[in-house]
Structure formats: C-alpha cells, structure tokens
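Chemist: I'd like to go over a predicted model; first the sequence, then the structure.
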Amino acid sequence: MSQTTAPPTARAVKTKLRAEGISMIFRRDGKETSVLDSVDLDVYDGEFICLLGPSGCGKSTLLNSIAGFLAPTSGKVTIDGEPVTGPDPRRIFVFQERGVFPWLTVEGNIAFGLFKLPQEERARRIAYYVKLVGLQGFEKAYPQELSGGMKQRLEVARALAVNPDMLFLDEPFGALDSITRLIMRGELLRIWEAEKKTIIFVTHDIEEAVQLADRVVVMSARPAKIQQIVEIDIPHPRDISSPRYLELRDGIFEQIGLAHKV
Amino acid sequence: MNSLTQPRKWEKFFWPVLAAAVFLAFWHYAVQFSGSKIFPSPADVLNGIDELMKKGVLGSYIADSLHRVAVGYGLAVLLGVPLGLTLGWYPAAAQVVNPVIQMARPISPLAWIPLAILWFGVGDAAAMYLIFLGAFFPIVVASMNGVRNVPSMFRRAGRNFGLHPAALLAKVVFPAALPQIIVGLRIALGIAWLVVVAAEMIAVDSGLGYLVIDARNSGKRYDLVIAAMLMIGTIGLALDLAFRRLEKIKSVRWGFRLEA
C-alpha cells in the first residue's frame, strides 16, 4: 500500500490548490452538525484527484467549499496562492448532467460562458468543443433531445470552453447506466490528457476512483476526515484486471471496512 | 375499443362530432317537446347570430371586448411579470408584500366594481381596470414562484461562469422560470376573458358581456343571449389554443411534459 502525501513523481510538483484545516459545521434548528473536521489537502498542478467516501460523508461539501460556493466554518483554501472567496470562471463546477441549461441548444450551452469573447473566437471554440466531446450533428439540439451521457459530455464541454485551469466534478456520472459510465470515464481521461486541467472528482465508487485518479483521497464517515491518500501508480490506459490495480482497489475496500465479497 | 390501440384517424373526428350532434338534437327536441316560447332552439340561435352579423354589431362588440382584454391583460403582464420576478429574486421583499398579495388575491375582481366605477367612472377604463386586477395577481404569483423554483444548481452554474446579478437574472433565472410564468400567463388570460364579460354587463354599453345583458333586458331575446354566450366560449377557446402554442417553443418546451 502506498500511502503518501508527497507529490506523485510522474507529474509536475507545483501545488495548485491547498486546503488547510477546513472544518464545516452546519447549524439547523439549533442543532450543530459537524460535516468536515479539519481537512488538509494539497492538489498538484495537472493532477487528477478523486475524493472517495460513503454517501453523505461530506465530500461534496468539501468540493463546494473548494469551489467557493460554501464558506467553511474555519480553515482556508488557496488556489495558486490566492485565497478562494467565491466561484470563479477559472474553475468550473460540473454537476450531474442536470446542470446543462434546458432552454439552450448544445451550441448555446457551450457558448454560455463565452460572452466576453468576439463572435469568431466564440464560434471557433464552440466547434472545437462540440468535436472534442463528440456532439457533432447535435449543435442545434436541445438537452431534452439528448441522452444522459450526451448531456454529461455537453456539461463538460461547456466547462472546458471557458478554458478553466481546474474542473470540479461532483459525482458527474452518478445518474448514468454502468456501460455509459465506463465510456464516460475513458472520455474524461482522454479530455484530461488533451487539456491538462487539474481535476477534483467526487465519487462514492471505489472502482471509478482507482480507474481515474492519480491519487485517491479516502474520506471517513461524518464528520469527514481524510483517512488515507492512495497514490495510483498505474499508467493510463489502466488494465483493470492487473494485479496492481486489484491490490490498490482491495486496499481501499479494506480501508473503508468493506469485505470484498458479495 | 382496446385502450392500447391507437384510435383510428376518422375516430378522432367522428366521436366528438357525434357527441355535438347528439347534444344539438337533444336541445332541439327538448325545446320543441316542451313548447317553450322563450327558450330558443339551435336554429333560432343561428338566426340570431346571422341577425347580429347583418346589423354589424357582432364584429364591433367582439373587437371592443378583445380591446379591453388586450389593454387590461397587457398592463397586468407588463407590471406583473417584473414585479413577480423581483419578489422571487428578493425573498425579503416578498415577505413584506406577500401578506397584501395573498389577501388581495382571493377577492373576486367583481367585488372591485364599485371602487372601479368610483375611480374611473362608467366606461372602458373601469372595465379594463377590473380585467387588470383579475389577471395581475395570478401573473405576479406565477412569476414569483417561477423564480423561487429555479434549481439552485442553475444559479450556481451561472455564477460560476462569472455572471453578475443582472446577467444572472436575464440569462439564467428568467429562462429557467419561463415555463412556469407562461402557465401563469395562460391562466391569467382565461381569467381576463371571464372578467371582461362581467365588467361589460355593468360598466359599459358595448362588447359581448353587454350583448348578453342587453339582449335579455331589451325584449328577452334569449336567442341573442345564447348567441353571445357561444361567441364568448368560442373566442375563449381560441385564445387558449393560441396561447398553448407558446408552450411548444423549443426554449420553453422542456418545462412542459408534453413528450417523454
């Protein structure tokens, strides 16, 4: 088991994001619920990080505070040395496929964040990202005419079109069927390798995390702490029946306390 | 007929036409059988419509009624939609105004007739004011709820792309709320058409509502009463059908479960 807080050797060592002592306490009806308990995390430039934990453990809360949608009760997040004070077009949050705007076409969705660009550049980017996510021929289609996987790719394209340096994905493939989900993982890795973004990806699916991430951040049940950070030292494309893959996956299963028998 | 089989093409027209024919026949024979001197038969009503058209009042009455609805309803849309959007956008403002709106909403526009006449006198303006009142509140409430029901995900996505509040309202919140607003506008148009008839019975001396009451008062012409009622129903239906076409526009169709 390789447990490490050191940067993965294969990638650049520049720290992109630093979360220090992030705690989150929600107050509701006079009751306090502690959701995050002093989480420290460094993410390196160009890295693919998966936040893995059981449903409701607080990993989405962590992602939302990193993205600037929620202010943590204590602690701070800095990206490129600047403190995060709110959402920023340099860092785009991708929801499940329901995040696409149903009143806009595929083109309109991709163009959504491009309102500051001149017409030609906008058209160029739309064409480029339509192609990148394989939606050619659907430029004028509305989201309700697309499948779940296509909507998800559209949302990724809309995010990428503004050329962010980070993507935050909150269980993006959770609503897709398992075959589409596998295809989407491959697509995301292809896009990640082409676009060199730093990605933080929230999931509760151990296999998904081990297939995608450079490092898997395993979180405990609420209040969430980082239980372990597992470096996945398998080059892409990953052979998901290789001994190393199974070893890493089973290590995480054990870490979470699950017997890997059904 | 098996409920799973598609009705054949001719059936889609045949059954409704048959039902209407049975209804007309029942009406005709009921009048004949009872020997009523006052209640008109379908043929009498048809003659009544013909008479009204020859006198040239039908067209001008329809135009008058539509004009009043256009002004009253148009004002309600112009003021109600922005107000509703604002109240949905600023929950604090909604809390202040909401009790007044909720109180005023259940008051029938007809209860406003004395005040309308007091303020505007007997005439077009009073009728338009009543139509405005009838349409205004449903539009405000639908717009307000439309904004409130916009999924927070859409707002967050909009903010994430760097939209300022005004742009967020115009490019995210309004289009996201539009299907609900359209439903409110359609309901309000139906109400406006109900109110114009009532308003014309009291405040003016033209229009379809006036025709109903005038036909009765000047010589108990029930053929003309029913002719006017038929026109009111037909035009109301046409307005509603025309409005429903809005729901088919592609950028709002997602909000209506017309197709899977």
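Modeler: All right, it came through fine.

Chemist: please enumerate the helices of chain A.
Modeler: A:59-66, A:106-111, A:119-132, A:148-161, A:178-195, A:206-212, A:243-256 (DSSP state H).

Chemist: report the buried residues of the first one.
Modeler: Under the neighbour-count criterion of 16 or more other Cβ atoms under 10 Å in any protein chain shown, helix A:59-66 has A:59-66 buried. Where C-beta positions appear, they are placed from N, C-alpha and C, glycine not excepted.

Chemist: distance of A:Arg190 relative to A:Phe95?
Modeler: Between A:Arg190 and A:Phe95 the computed distance is 21 Å (Cβ to Cβ, to the nearest Å).

Chemist: what's the answer for A:Lys59, then?
Modeler: 15 Å.

Chemist: follow-up on the earlier one: with the buried residues of helix A:59-66 in mind, which one is nearest to chain B?
Modeler: A:Asn64 (8.8 Å; Cβ to the nearest Cβ).

Chemist: got the helices of chain A as JSON lines, with mean pLDDT columns?
Modeler: Formatted as JSON lines, the helices of chain A follow (pLDDT from 0 to 100):
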{"stretch": "helix A:59-66", "mean pLDDT": "90"}
{"stretch": "helix A:106-111", "mean pLDDT": "94"}
{"stretch": "helix A:119-132", "mean pLDDT": "91"}
{"stretch": "helix A:148-161", "mean pLDDT": "89"}
{"stretch": "helix A:178-195", "mean pLDDT": "86"}
{"stretch": "helix A:206-212", "mean pLDDT": "92"}
{"stretch": "helix A:243-256", "mean pLDDT": "87"}
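
Chemist: would you turn these into TSV with distance to B:Val147?
Modeler: Output for the helices of chain A, formatted as TSV (distance: least, Cβ to Cβ, whole Å):
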stretch	distance to B:Val147
helix A:59-66	23
helix A:106-111	21
helix A:119-132	28
helix A:148-161	23
helix A:178-195	33
helix A:206-212	36
helix A:243-256	42
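
Chemist: spell out which residues of chain B are next to chain A.
Modeler: B:151, B:153-154, B:156-157, B:159-162, B:167, B:171-172, B:175-176, B:178, B:250-255 (Cβ under 8 Å from any Cβ of the partner chain).

Chemist: buried ones only from the residues you listed, please, as a PyMOL command.
Modeler: Burial among these is assessed by 16+ other Cβ under 10 Å; the matching PyMOL selection reads:
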select buried, chain B and resi 154+156+157+159+160+161+162+171+172+175+176+178+251+252+253+254+255
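
Chemist: keep only those of the residues of chain B next to chain A that are in helices.
Modeler: Secondary structure defined by DSSP H assigns B:153-154, B:156-157, B:159-160, B:167, B:175-176, B:178, B:250-253 of the residues of chain B next to chain A to helices.

Chemist: show me the helices in the stretch 1-150 of chain B, by range?
Modeler: Assigned by DSSP state H, counting those that start in this stretch, the stretch 1-150 of chain B shows helices spanning B:9-34, B:42-55, B:57-89, B:91-104, B:113-120, B:124-148.

Chemist: how far away from the center of its chain is stretch B:214-229?
Modeler: 23 Å (Cα atoms, centre = their mean, to the nearest Å).

Chemist: can you list the residues of chain A near chain B?
Modeler: Counting by Cβ under 8 Å from any Cβ, chain A comes close to chain B at A:67, A:69, A:86-89, A:91-93, A:95, A:98-99, A:101-104, A:112-113, A:115, A:142-144, A:162.

Chemist: buried among the residues you listed? Need that as a selection in ChimeraX.
Modeler: Buried residues among these (16+ other Cβ under 10 Å), as a ChimeraX selection:
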select /A:67,69,87,88,89,91,92,93,95,99,101,102,103,104,112,113,142,143,162
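
Chemist: for chain B, which spans come out with low pLDDT?
Modeler: B:1-4, B:257-260 (pLDDT under 70).

Chemist: what's the distance between the residue nearest to B:Ala157 when sequence neighbours are not counted and A:Asp170?
Modeler: The shortest distance from B:Ala157 to any non-neighbouring residue, by Cβ to Cβ, 6 or more residues apart in numbering or on different chains, is to A:Gly99 (5.5 Å). Distance, A:Gly99 to A:Asp170, using Cβ to Cβ: 9 Å.

Chemist: on that earlier part again, among the helices of chain A, which comes closest to B:Leu230?
Modeler: helix A:106-111 (45.0 Å; Cβ to Cβ).

Chemist: mind saving the C-alpha coords of that closest one as PDB?
Modeler: What follows is helix A:106-111, C-alpha atoms only, in PDB (Å, rounded to 0.1, in the frame of the first residue of the first chain):
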ATOM      1  CA  VAL A 106     -25.900  22.400 -27.400                       C
ATOM      2  CA  GLU A 107     -24.200  25.400 -29.000                       C
ATOM      3  CA  GLY A 108     -25.900  27.800 -26.700                       C
ATOM      4  CA  ASN A 109     -24.800  25.800 -23.600                       C
ATOM      5  CA  ILE A 110     -21.200  25.700 -24.800                       C
ATOM      6  CA  ALA A 111     -21.300  29.400 -25.600                       C
END
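
Chemist: check which helices and strands it is in contact with.
Modeler: helix A:119-132, helix A:148-161 (3 or more Cβ pairs under 8 Å, 6 or more residues apart in numbering or on different chains; DSSP states H and E).

Chemist: mind checking pLDDT for A:Ala259?
Modeler: On pLDDT, A:Ala259 comes in at 60.

Chemist: now do A:Leu51
Modeler: 93.

Chemist: may I have the beta-bridge partners of it?
Modeler: A:Val202, A:Val217 (DSSP bridges).

Chemist: look up how far A:Phe201 lies from it.
Modeler: 7 Å.

Chemist: likewise B:Gly59?
Modeler: 67 Å.

Chemist: which one of the two is surrounded by more residues?
Modeler: A:Phe201 (26 against 11; other Cβ atoms under 10 Å in any protein chain shown).

Chemist: show the contacting residues for the nearest residue to B:Arg148 once chain neighbours are set aside.
Modeler: Closest residue to B:Arg148 apart from its sequence neighbours, by Cβ to Cβ, 6+ apart: B:Gly88 at 5.0 Å. By Cβ atoms under 8 Å, 6 or more residues apart in numbering or on different chains, the contact set of B:Gly88 is B:94, B:143-148, B:173, B:177.

Chemist: pretty sure the residue nearest to B:Ala157 contacts B:Arg155?
Modeler: No: taking contacts as Cβ atoms under 8 Å, A:Gly99 lies outside contact range of B:Arg155: 11.1 Å.
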